[in-house]
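J.: next comes the sequence, and after it the predicted model I'd like to discuss.
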Amino acid sequence: MLGEDSGLEVEALRGAPGIRSARYAPEGGEANAKLLGELRGVEGEARQARYVCELVLLGPKEQELRGTGIFEGRIAEAARGTEGFGYDPVFIPDGEEQTVAELGDDWKSRNSHRARAARALQAVSR
């Protein structure tokens with residue numbers, strides 16, 4: 001059995017939305033708009049953010065293997081791009097100037113927090 005949970009941690013919000021990332025905006029609300037609104041006027045390092053993913057694999061003999069993936073970056077001033085989902089239009093990975101939504105799904109599949117967690121899990125399962 002494989003389980004996964006991910007969240008976006010924003011420095012200026014003391015780690016929020018974190019594990020509540022999927023439920024960050026009120027019902028029917030838009031999480032990116034809420035996040036950008038809460039960061040209005042926040043500049044520099046306070047816009048730093050990171051995605052964290054934890055994968056847990058439970059084997060048939062009740063062994064537990066874990067893989068963690070961390071994807072560092074910052075929150076953009078405005079949403080940009082059309083690919084991906086969730087916070088991809090506002091998340092700019094370290095070393096990049098484009099958001100994940102602008103970089104595209106192929107780039108994301110190689111570099112995301114989930115991709116990193118999967119590689120970490122694969123490494124410990126050998």
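T.: Yep, that arrived. This structure is a prediction, so every number in the text was calculated from the model and none was measured.
J.: show me what the helix ranked longest in the chain packs onto, helices and strands only.
T.: Looking across the chain with DSSP state H, the single longest helix is helix 113-124. Here helix 113-124 touches strand 2-10, strand 48-58, strand 64-75, going by 3 or more CB pairs under 8 Å, 6 or more residues apart in numbering; DSSP states H and E. Where C-beta positions appear, they are placed from N, C-alpha and C, glycine not excepted.
J.: what residues sit buried inside it?
T.: 113-114, 116-118, 120-121 (16 or more other CB atoms under 10 Å).
J.: run the angle between that helix and strand 48-58 for me.
T.: Put simply, helix 113-124 runs at 40 degrees to strand 48-58, going by axes from the mean of the first three to the mean of the last three CA atoms, to 10 degrees.
J.: average pLDDT for helix 113-124?
T.: Helix 113-124 comes out with an average pLDDT of 95.
J.: done for today, thanks.
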